[in-house]
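Trainee: Sequence and predicted structure below; questions after.
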Amino acid sequence: MKSLMSLWSQVAEESATYCRTSATSDINTVKRRFEDEGLSFLTITLPDLGKSFEKWLDEGRVGINSSFRRERRGRLPRFLGGFFSRVFDPNSGALVDDPDIEAILAIRQLTLMFGKLEYPCTDARIASAMTAFVDCEKEVRKSDSEISEEDFRDFERMSALLFQSAFTRIDREIYYDRVIPKHGPGSVADRLTSNGKYRLRTWTDRLDSVFPATKYLIPNIHFRDELDQVNFLEPGSEMPVRVIAVPKTLKTPRIIAVEPACMQYMQQGILRLIREAFERDELLDKVIGFDDQTPNQVLACQGSLNGETATLDLSEASDRVSNELVRRMTSRWPWFSRALDATRSRRADVEGHGTIPLAKYASMGSATCFPVEAMVFTTLIFLGIERSLNVTLTRKDLKSLSGVVRVFGDDLIVPVDHVHMVVNTLEAFGSRVGAAKSFWTGRFRESCGKEYFNGNDISIVRCRQALPSTSTDADGVISTVALRNLFYEHGYWRTARWLDKKLLKVLKHFPIVSPASPVLGRVSFLGYETQRMHPRLHSPLVRGYVQQSKAPSDKLGDTGALLKCLLKLESENPKGVVESYLNLDTCSRSSTGSYRALPIGLPPGGQDEKHLERSGRPQRVGIKSGWWSSI
């Protein structure tokens, strides 16, 4: 952990040089408090100051942070005082007319650098997070009971105005059984392996009423005799989601819900329909994002410059989306509504609290959680704008607002002129706007991992892992190489050289490479290194290390193998090209009576040769030395 302290000191010294100040007393303060408070000072106390600083930028005045003293005769914190004095007036504490952008960057870098270090929380913090999950569930139920019927009708009307075309298309695809399900590589509540999911023999009555097992659980109707082995679960006996904590910060873990395999399987199919329908809709494609965060970041940058847009962040966003709101939103589209309900788990197994019923739609972990929460938030934003304007919006009005409204999960962009009513509407329907991470007053904006002040990008470099002491710490090596290159690209060249020395003690080979090279090497604006040429390709090679990982052994044969191949084909050719494969010509019975997939008709190169032998997320990551391309 002392290496992290040394890294902070190095960044502080270089930042002080850029800002023409001194960081000597700041380094001494951090060393003293690090010895007294331990790692929590770097990962919790300093980030709290960084978040306070962001709010001070937004409000235009220095406030109070209880962890750090003020100057005796001024209003600025004594810690990092040389930097703060270039941003705020020492006497009044007000934001100066032309604050130093380099100082703003330095303060954010020095306070927030270790805020997202990926370390497990203490058992007490995990237990507290589980209790918060249960308490949130109670608040969702209370919120549902407090929403008036008139508000529900307004919500239904606005959601229909937004999503009518897309929902109609999705509804039709589900009715005609044109859903393409998918198994992912992640964990499931029934603890099946990646390929083991294709031998799934658990289905629910609710799923079967919308997605018949004869259509989705077996390759085709000729395999219907295998359904005798399937356990169809009634609603009361369904497997609950398994609520777990995964590392996020030392302050609090991330709580996710691991879904049963059958639910996740069909959720992925619905997710695909939603994405395709939204991409075809001229309005929704401009307002809601699923993959590209850039539009949110551009609007945040513009908002920091012209003050026309606000950035909102929601606390416990997915856990506060009520299932009642989702039911109301889709009530006019029966098949889509039934599909969302059938693929939604109704109970959760929470450590320390047992199995509880769920009023929320779904927690993070459900494949449909992200798009559904985006739909709900988008509806509430436009409903808030409508109430602020005191007029009934039309579809034409929604299109005119598409340039100042953008939703990416729980990162929201809204017009500043209507922000107060939007916040009130979100909270009236059960959401909770995070005041510490929502900005609209000053010139600071943050959205989707990017931060801006007055049009300047003030995003920082974050350290995710401790620095490695040996090459066997592959995760640490990979993370630190990425960290070194980010510091270099952000102009912290002395810090990058300091990390070079650290890495050269761990790695025998650490060449200069281009950003596109697979080699764990040093990125440079001056080009890349060439140590020899490839004998056949005549491309530059260097001696170095590359990341190496292997999927775990997970053999799949018989019907499961056939189903996986057909699903892959159908996913790659959704327009019916795969129909010729869905018959007995593509499979045959072995002497034991089981089916095996034949290679007939499979497109060359369309399948990973080893996917029926190895599948799933690698259990560990390693690094391998050799000669590799430097470009």
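Mentor: Nice, thanks for sending it over. Predicted model only: the values in this text are computed from it and were never measured.

Trainee: mind giving me the domain split of this protein?
Mentor: 2-114, 123-190+239-453, 474-552 (automatic domain parsing).

Trainee: ends of the longest one, how far apart?
Mentor: One end of domain 123-190+239-453 to the other measures 38 Å (CA to CA, to the nearest Å).

Trainee: same question, stretch 285-302
Mentor: Start-to-end, stretch 285-302 (CA to CA) is 20 Å.

Trainee: State the mean pLDDT of that stretch.
Mentor: Stretch 285-302 comes out with an average pLDDT of 95.

Trainee: any idea which helix or strand carries Glu282?
Mentor: For Glu282, there is no enclosing helix or strand under DSSP states H and E.

Trainee: Quick check: pLDDT value at Pro357.
Mentor: 96.

Trainee: how near is the nearest residue to it once chain neighbours are set aside to Tyr361?
Mentor: In this structure, Pro357 finds its nearest non-sequential neighbour in Arg347, 5.6 Å apart by CB to CB, 6 or more residues apart in numbering. Backbone N, C-alpha and C define where each C-beta goes, glycine included. Applying CB to CB, to the nearest Å, the value for Arg347 to Tyr361 is 14 Å.

Trainee: Show me which of the two is the more surrounded one.
Mentor: Comparing Arg347 with Tyr361 by other CB atoms under 10 Å, the one with more neighbours is Tyr361, at 26 against 15.

Trainee: thinking the more buried one is in contact with Thr343, fair?
Mentor: No. Using CB atoms under 8 Å, Tyr361 is not in contact with Thr343; the gap is 10.8 Å.

Trainee: pLDDT weak spots in the stretch 501-631 of the chain?
Mentor: Counting by pLDDT under 70, the stretch 501-631 of the chain has low-confidence residues at 573-609.

Trainee: Please, where are all the helices along it?
Mentor: With DSSP state H, counting those that start in this stretch as the criterion, the stretch 501-631 of the chain has helices at 558-572.

Trainee: Scan this protein for its longest helix.
Mentor: In the chain, with assignment by DSSP state H, the single longest helix is helix 149-175.

Trainee: Show me what the helix or strand Cys136 falls within is in contact with.
Mentor: Taking DSSP H and E as the criterion, Cys136 maps to helix 123-146. The contact list for helix 123-146 (CB atoms under 8 Å, 6 or more residues apart in numbering) reads 121, 243, 245, 251-253, 255, 316, 319-320, 322, 324, 350-353, 356, 358-360, 363, 429-430.

Trainee: Counting only helices, which of those make the cut?
Mentor: Reading helices off the contacts of helix 123-146 with DSSP H, I get Glu324.

Trainee: count of neighbours near the nearest residue to Ser615 once chain neighbours are set aside?
Mentor: With CB to CB, 6+ apart as the criterion, Ser615 has its nearest non-adjacent residue at 3.9 Å, and that residue is Ser194. By other CB under 10 Å, the residues close to Ser194 number 22.

Trainee: for Ser194, what are its contacts?
Mentor: Ser194 neighbours (CB under 8 Å, 6+ apart): His183, Pro185, Ala551, Pro552, Asp554, Ser615, Gly616, Arg617.

Trainee: how about the helices in the stretch 251-400 of the chain?
Mentor: Under DSSP H, counting those that start in this stretch, the stretch 251-400 of the chain gives helices at 261-280, 284-287, 294-306, 323-329, 334-342, 369-389, 395-400.

Trainee: Help me confirm that Leu567 comes into contact with Ile180.
Mentor: Yes. With contact defined as CB under 8 Å, Leu567 and Ile180 form a contacting pair (7.1 Å).

Trainee: So for the two, which residue has more residues nearby?
Mentor: Neighbours of Leu567 and Ile180, each counted by other CB under 10 Å, are more numerous for Leu567; the result is 20 against 16.

Trainee: Against Trp203, how distant is that one?
Mentor: Leu567 is 16 Å from Trp203, by CB to CB.

Trainee: Give me the buried positions along the longest helix of the chain.
Mentor: 152, 154-156, 158-163, 166-167, 169-171, 173-174 (16 or more other CB atoms under 10 Å).

Trainee: low-confidence ranges in the chain?
Mentor: Using pLDDT under 70, the chain drops low at 573-609.
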